[in-house]
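Participant: whatever this is, show me its structure:
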Amino acid sequence: MQNCVENIKDVFKDLASHNRWGCYKKIFDKESGKYSKIPISAITFKGAKSNDPKTWCSLGKAISYLNVRKDLSGIVLALTSYDDIVGIDIDHCIDENGELSAMAKEIIDLADSYTEISPSGAGIRIILHGELPKDLRKNTANGVEVYDSHRFLTITGNHLTGTPMSINIRHVQVKEIHQRFIKKEIAFDTVNSFRTIEDKHRSMVLEDDELLDLAASAANGDTFEDLLAGNWECSYNSQSEADAAFCCNLAWWSGWNAEQMDRIFRDSGLYRDKWDSIRYGDGRTYGQGLIEWAITVTNSCYLQEDNEDYEH
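Facilitator: Numbers count the residues shown, from 1 in each chain. The predicted structure follows:
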C-alpha cells in the first residue's frame, strides 16, 4: 500500500519540525514467512533506535531521505514519554472485502481521532492524546496494542474514511480502551457472582424507581438526570463517553447488578440501536461489553441499610 505523504504532512504538522521521525525498510524473514520493518535513521543512515533521539530527525528530512533511498518503504514516528501521544494498533481487522471487524469499529468509535490503514492494508492505527495506565500494552488474543513511549509507529497517511483528520484529546477514552481491550475481560455471565461474592450487610437490590429517586437526590443528581434523559452534549465529548459514565453510576447504585443496569439503560434517553449491536468476536453486544467494563472499574456500591459504601 502506497504512502500518502500529503496527509502525513497535514495531520502531523504540529510535530513536523520535531526531531522524532525516521524511515523504515521491509526485510523478508524466511523463518517466519513475514516482512519485518527495520527503522532507518536519516541522520546516521543506519538503524534508528526508539530510545535514542540522536537517530531521529524532522518529518521533512525523513520524507526527503525516503525519496532518495529507493529501498525504503515509509515513515516512522517515535513515541516518547515527553508528551501524551498514544498509538493504538489493531492487527488483521480489515477483511478481504475491506470491511472492518466489529471490535475495530468499536475502538475507532470510542477513540474518535485520526485513524489510518497500516502498511499491510489489513490493520489500522489510531493516534490520539491520552495517558495509558502503567501496565499491559498488548493483548495477543484480540490483536490490540497500545503504546505511548519507546516505540516507533509506521505512519502511512492512508486515512480511514469517516474518521477525524486530527489528533484529538481523548484521555477518558484511552483509559476505557485499555481497560476493555487490553486487560483480560470478565465473562458476562460471571460478572454478578464475581461482584457479589460477599453480600455482607448490603441491602436487597433496590427497585428501579427507588434507585432512580436516590440517584437523582444525590450530590451529582443533576448530572445523573441529564444522562437519564439523554442530555450529554454539554458535559461529554461523545455519547460513548456519556454511556460509560452512566453505566458506572448504575454499577454503583445497583450494586453491580448487570441485569438492572441493562434494564435502566434501555429505558434511558441514551439508549440507541448501537446498544444491541454485536461488537465482539464472541457475539457480545456493545451494551454487554460496556456493562462488563463499568462493573470492573467501579470498586464500591451503595448500601441502603447503613448508607455506607461496600468495597469489594
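
Participant: what's the burial count for the residue found closest to residue 158 once you drop the neighbours it is linked to in the chain?
Facilitator: With sequence-adjacent residues excluded and distances taken as CB to CB, 6 or more residues apart in numbering, residue 158 is closest to residue 117, at 4.3 Å. For the C-beta atoms, the positions are set from N, CA and C on the backbone; glycine is no exception. Counted by other CB atoms under 10 Å, the residues lying close to residue 117 total 20.

Participant: got it, and residue 226?
Facilitator: Residue 226: 18 neighbours (other CB under 10 Å).

Participant: and the residue nearest to residue 158, how far from residue 182?
Facilitator: 21 Å (CB to CB, to the nearest Å).

Participant: next one: residue 145
Facilitator: On the measure of CB to CB, residue 145 and residue 182 end up 8 Å apart.

Participant: identify the contacts common to the two.
Facilitator: Taking CB atoms under 8 Å, 6 or more residues apart in numbering as the criterion, residue 145 and residue 182 both touch 137-139.

Participant: got the domain ranges for this protein?
Facilitator: For the chain, automatic domain parsing gives the domain ranges 5-182, 188-311.

Participant: that older thread, out of the shared contacts of residue 145 and residue 182, flag the one nearest to residue 175.
Facilitator: residue 137 (13.7 Å; CB to CB).

Participant: now for the closest one: which residues touch it?
Facilitator: Applying CB under 8 Å, 6+ apart, the residues contacting residue 137 are 145-147, 182.

Participant: distance of it from residue 219?
Facilitator: As defined by CB to CB, residue 137 lies at a distance of 37 Å from residue 219.

Participant: for the stretch 51-200 of the chain, what spans make up the helices?
Facilitator: 59-68, 102-111, 171-177, 191-195 (DSSP state H, counting those that start in this stretch).

Participant: what sits against residue 268?
Facilitator: Residues in contact with residue 268 (CB under 8 Å, 6+ apart) are 227-230, 246.

Participant: for the residues you listed, which one is nearest residue 83?
Facilitator: Nearest member of those to residue 83, counting by CB to CB, is residue 246, at 31.2 Å.

Participant: burial of the closest one, as a residue count?
Facilitator: Residue 246 has 26 nearby residues by other CB under 10 Å.

Participant: any idea how far it lies from residue 300?
Facilitator: 17 Å.

Participant: please apply the same query to residue 9.
Facilitator: Distance, residue 9 to residue 300, using CB to CB: 49 Å.

Participant: same deal with residue 250?
Facilitator: From residue 250 to residue 300 the distance is 14 Å (CB to CB).

Participant: so where's the stretch 1-150 of the chain shaky on pLDDT?
Facilitator: For the stretch 1-150 of the chain, applying pLDDT under 70 flags the ranges 1, 29-32.

Participant: now residue 73. Nearest residue, chain neighbours left out?
Facilitator: Residue 73's closest residue in space is residue 26 (CB to CB, 6+ apart), at 4.9 Å.

Participant: hey, what's the one you found bridged with?
Facilitator: residue 37 (DSSP bridges).

Participant: who's in contact with it?
Facilitator: So residue 26 contacts 35-38, 73, 119 (CB under 8 Å, 6+ apart).
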